[in-house]
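Colleague: Pasting the sequence and the predicted coordinates here, then a few questions.
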Amino acid sequence: MQWLDRIVHSFIMTFGITEPSPEKRQRANLFIGLLLLLVLLGFFSMVFWGIRHLAH
């Protein structure tokens, strides 16, 4: 899951969040990764709903 670690690290650096300790890094990766996934799912759901709504 190196790609998730890189994405989370970029997210942490972009928003200036304090980096987690090495012991808590896995938990932080999971938490931030799930939040990013929820945001993406919400975005695509709204896009799908908007396209469907405008089509009718």
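Modeller: Yep, it's here.
Colleague: Per-residue pLDDT of residue 17, please?
Modeller: The score at residue 17 is 89. That number is its pLDDT.
Colleague: Tell me which residues touch it, please.
Modeller: residue 11 (Cβ atoms under 8 Å, 6 or more residues apart in numbering). Every residue, glycine included, has its C-beta placed from N, CA and C.
Colleague: three-state assignment of it?
Modeller: Under DSSP: H, G, I helix; E, B strand; the rest coil, the three-state class of residue 17 is coil.
Colleague: same check, this time on the one 10 residues further on
Modeller: Three-state secondary structure (criterion: three-state DSSP) places residue 27 in helix.
Colleague: What ranges does this structure have for its helices?
Modeller: Under the criterion DSSP state H, the chain contains helices at 2-15, 25-55.
Colleague: Okay, angle between the longest one and helix 2-15 too, please.
Modeller: Angle between the axes of helix 25-55 and helix 2-15 is 80 degrees (criterion: axes from the mean of the first three to the mean of the last three Cα atoms, to 10 degrees).
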